[in-house]
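1. here is a sequence with its predicted model. Questions after.
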Amino acid sequence: MLNNLDLASLKAAAEQKKATRKRPNALMPFPQKLHKMLTDVEQEGFDHIVSWLGASNAFRIHDPVQFVKQIMPRYFKQSHIRSCQRQFNNYGFKRIIGGPLDGAYQHPKFVQGKPELAKQIIRIAALNNANKSIPPSPGRADASPSASARTKSSNRVISKKKPGSNMIGDIDFTMSLIVIP
């Protein structure tokens, strides 16, 4: 006779098996799924939808509509292109603006033919959570480190009017930069 713990673990294993049947890469981290996807679509002839760009460590989504319909369901839980773009940003991919690679995404550890490098890409949000010991702002003795960390690492809307400005609701954006050699 199975006890409740055994039954729960069997149910969890069945759910995991079901998820991997639908998307064989379900347990793989996003950068590795992305690398596998780009390799697979090239081999399957879907490189007119999304592809590596030459010998660079950049890729581009050429046809966003077909990418969402044909490619995303096979590899990702997301069903909107914006969700995928958010993941690119969460993992430190930078969008290239201008030049022949305009609109492409790249990351120094995301290189065609080197899937082992994709394993080294860490989610930026995870890095930010590890560094939450930011001291309180000067002049605010009552501010806790966690409250200070939240305001330092997130976008927020400021509803105060700037002196000499007619705008209300200026947006204060913080961003982390990755320097690519």
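-> Received it, and whenever you're ready, just let me know what you need. Every value quoted in this text rests on a predicted model; they were computed, and no experiment measured them. Numbering: from 1, shown residues only.

2. got any ranges where the chain has weak pLDDT?
-> Where the chain drops to pLDDT under 70, the residues are 1-26, 126-181.

3. can you list contacts of stretch 86-94?
-> Contact partners of stretch 86-94, identified using CB atoms under 8 Å, 6 or more residues apart in numbering, comprise 30-31, 76, 78, 95, 105-107, 110, 121-125, 176, 178, 180. The C-beta positions use only the backbone N, C-alpha and C, and glycine is treated the same way.

4. just the helices in this structure please.
-> For the chain, the helices defined by DSSP state H cover 4-22, 30-44, 64-66, 72-75, 81-90, 115-118, 124-130, 145-153.

5. what's residue 57 sitting at in phi/psi?
-> phi -100, psi 40 (degrees, to the nearest 10).

6. residues near it, how many?
-> 18 (other CB atoms under 10 Å).

7. do I have it right that it meets residue 110?
-> Yes. Using CB atoms under 8 Å, residue 57 is in contact with residue 110, at 5.6 Å.

8. quick check on the contacts of stretch 86-94: which are buried?
-> Neighbour counting by 16 or more other CB atoms under 10 Å classes 30, 31, 76, 78, 105, 106, 107, 110, 121, 124 among the contacts of stretch 86-94 as buried.

9. let me see the contact set for the nearest residue to residue 106 once chain neighbours are set aside.
-> Nearest non-adjacent residue to residue 106, counting by CB to CB, 6 or more residues apart in numbering: residue 58, 3.9 Å away. Going by CB under 8 Å, 6+ apart, residue 58 touches 52, 96, 101, 104, 105, 106.

10. try 10 Å
-> Applying CB atoms under 10 Å, 6 or more residues apart in numbering to residue 58 gives the contacts 52, 93-96, 100-101, 103-107, 110-112.

11. state the pair within those residues that is farthest apart.
-> Greatest spatial distance among those (CB to CB): 103 and 111, at 19.3 Å.

12. just checking, residue 68 touches residue 75?
-> No. Taking CB atoms under 10 Å as the definition, residue 68 is not a contact partner of residue 75, at 11.7 Å.

13. shared neighbours of the two, anything?
-> Common neighbours of residue 68 and residue 75 (CB under 10 Å, 6+ apart) are residue 84.

14. still on that earlier bit, so what sits against both of residue 57 and residue 110?
-> What both residue 57 and residue 110 touch, as defined by CB under 10 Å, 6+ apart, is the set residue 117.

15. residues near residue 99, how many?
-> Neighbour tally, residue 99, other CB under 10 Å: 7.

16. now it: how far from residue 80?
-> For residue 99, the distance to residue 80 equals 28 Å [CB to CB, to the nearest Å].
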